[in-house]
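Enquirer: Just the structure for this:
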Amino acid sequence: MQPIPELKYVGLYAVLLALVCISGMIWKWRGDRTMTISRHAAAHPQATLVFGFSITVTGLMFYAFLWFWFVPALGLPMLFSWLVSAAGIGQALAAWIPDRPGLESRIHNIGAFAMAIIMVPLAFLIARAPQASAAAHWAAVAFLLVAAIYATLFFLVPRAKSYYLAYQSSYFGGFLLVILIAAYTTYPA
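Expert: Next up is the predicted model:
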């Protein structure tokens, strides 16, 4: 399958729009640095709606970019598309089921953690992509190292959880940066 040229920059637009929406939500409905992005969203009914709609709209844009431009442009295997689909399901659960105590939190966390964990094999596949640039390979390797450090901190250093928002934001942001570097250094504008 050939990449659909009209979708080349949709990934960038989706990331920028999501950044604006999520940053605005966190700014307007402030919590503290120990709260996840989802906990910020769950703290207020309007924030829950902003989060759900913004993640849905930007997620659909981003996944269309991944499936129809990114995967064919980088020659990624079908496994990448399947993993992206699973991550999309996790993202939808995390976006629309608030992180509130009880069953909602369990379902939300399954979706959110599944999405976060799937980013590791996705980055590995990008690092091994035959048509990806050297910058894309190194960005993916750097992300994998950061992911290993964060996992170590998360499970072995209890005080690290007091900076959860910073870790979560930089983890997701780092993965999105890998995608953008791979997309726009492999096939420069």
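Enquirer: Check which helices and strands the longest helix anywhere in the chain sits against.
Expert: What stands out as the longest helix in the chain, according to DSSP state H, is helix 103-127. Other helices and strands packing on helix 103-127, by 3 or more Cβ pairs under 8 Å, 6 or more residues apart in numbering; DSSP states H and E, are helix 78-96, helix 134-156, helix 164-186. Backbone N, C-alpha and C define where each C-beta goes, glycine included.
Enquirer: Which among these is found nearest to residue 5?
Expert: Of all these, helix 164-186 sits nearest to residue 5, with 12.6 Å by Cβ to Cβ.
Enquirer: Tell me the gap between that closest one and the middle of its chain.
Expert: 7 Å (Cα atoms, centre = their mean, to the nearest Å).
Enquirer: Quick check: which helices or strands does that helix pack against?
Expert: Under the contact criterion of 3+ Cβ pairs under 8 Å, 6+ apart, helix 164-186 touches helix 10-28, helix 37-42, helix 71-74, helix 103-127, helix 134-156.
Enquirer: which one of the ones you listed lies closest to residue 57?
Expert: Closest among the helices and strands packed on helix 164-186, using Cβ to Cβ: helix 10-28, at 7.4 Å.
Enquirer: Okay, buried residues for that closest one please.
Expert: Using 16 or more other Cβ atoms under 10 Å as the test for burial, helix 10-28 gives 10, 11, 12, 14, 15, 18, 21, 22, 25, 26.
Enquirer: Stretch 170-183 too?
Expert: Those would be 171, 172, 174, 175, 176, 178, 179, 180, 181, 182, 183, for stretch 170-183 by 16+ other Cβ under 10 Å.
Enquirer: Out of the helices and strands packed on helix 164-186, which gets the lowest mean score?
Expert: Set side by side, these give their lowest mean pLDDT on helix 37-42, at a mean of 85.
Enquirer: Summarise which helices and strands that one is packed against.
Expert: Partner elements for helix 37-42 (3+ Cβ pairs under 8 Å, 6+ apart): helix 10-28, helix 45-65, helix 164-186.
Enquirer: so which of the buried residues of helix 10-28 would you say is closest to residue 161?
Expert: Nearest member of these to residue 161, counting by Cβ to Cβ, is residue 26, at 17.7 Å.
Enquirer: List the contacts of the closest one.
Expert: 37, 40, 165 (Cβ atoms under 8 Å, 6 or more residues apart in numbering).
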